[in-house]
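Engineer: please work out how this folds:
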Amino acid sequence: MVFCVRFVLVFVASVLLAFSSCTGFYVFGATESEAVGAVAAAGEKIVLCYDAVAEADAAGANVTALLARLGEAGELFSNAELAVGVGDFDSAVDLAGQSQSKLDGFAVEAEALTEEAIQEKYFDFLFVAGSGVGAVGVVCGGFVAWRLMKRREEVKEAGFE
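Structural biologist: Okay, here's the model as predicted:
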């Protein structure tokens, strides 16, 4: 009987220890200044990412996926601002962190899309310019061939051949 009670106590203690180490109980919550700082940092990151998307869009890149991520981050940021407003500073810090983590690598992706769009525009220009030069070459070549054939015919008619 004593063994069974000890087993139950050890089992319960180990389960509680396992859950407490996994969930990470915090003794002290976030302060207002920490929450305001986290929300401000998230807001700055959103503005920088928005500028990167605007630049990629101006270059002609397909920014649909980036805008979706930016929207999700903006929603989390908005919820973080609301949490600061109602005094829930722990949630505000958490939501601001989630907002920032949504935007990790965002600027690199936007820059890659911008470069890709610029290259596509360059190749489109080369294709159009090359097609124009080719068309002019065909017309000029046809004119020269026509003139040569006409001259040969005139020489035949004159009886010099």
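Engineer: show the contacting residues for residue 30.
Structural biologist: Residue 30 makes contact with 38, 89, 90, 92, 93 under the criterion C-beta atoms under 8 Å, 6 or more residues apart in numbering. For the C-beta atoms, the positions are set from N, CA and C on the backbone; glycine is no exception.
Engineer: could you pull up phi and psi at residue 104?
Structural biologist: phi -60, psi 130 (degrees, to the nearest 10).
Engineer: which pLDDT value belongs to it?
Structural biologist: Note for residue 104: predicted pLDDT of 90.
Engineer: what sits against it?
Structural biologist: Contacts of residue 104 by C-beta under 8 Å, 6+ apart: none found.
Engineer: any idea how far residue 82 is from it?
Structural biologist: From residue 104 over to residue 82 the distance is 23 Å, taken as C-beta to C-beta, to the nearest Å.
Engineer: ok, residue 73 next?
Structural biologist: 15 Å.
Engineer: who's more crowded, these two?
Structural biologist: residue 73 (22 against 13; other C-beta atoms under 10 Å).
Engineer: please identify which helix or strand holds that one.
Structural biologist: Following DSSP states H and E, the helix or strand that holds residue 73 is helix 64-86.
Engineer: elements contacting that helix?
Structural biologist: Packing contacts for helix 64-86, counted by 3 or more C-beta pairs under 8 Å, 6 or more residues apart in numbering; DSSP states H and E, involve helix 32-58, helix 89-102, helix 106-158.
Engineer: among the contacts of residue 30, name the buried ones.
Structural biologist: Among those, those classed as buried by 16 or more other C-beta atoms under 10 Å are 38, 89, 92, 93.
Engineer: any idea of the pLDDT on the residue nearest to the first one when sequence neighbours are not counted?
Structural biologist: With sequence-adjacent residues excluded and distances taken as C-beta to C-beta, 6 or more residues apart in numbering, residue 38 is closest to residue 96, at 3.9 Å. As summarised for this prediction, residue 96 has a pLDDT of 93.
Engineer: gap between residue 96 and residue 33?
Structural biologist: In terms of C-beta to C-beta, residue 96 sits 13 Å off from residue 33.
Engineer: what about the two, which has more around it?
Structural biologist: Comparing residue 96 with residue 33 by neighbour count (other C-beta under 10 Å), the higher total belongs to residue 96, at 29 against 9.
Engineer: just checking, the more buried one touches residue 41?
Structural biologist: Yes. Contact criterion C-beta atoms under 8 Å: residue 96 and residue 41 qualify, at 6.9 Å.
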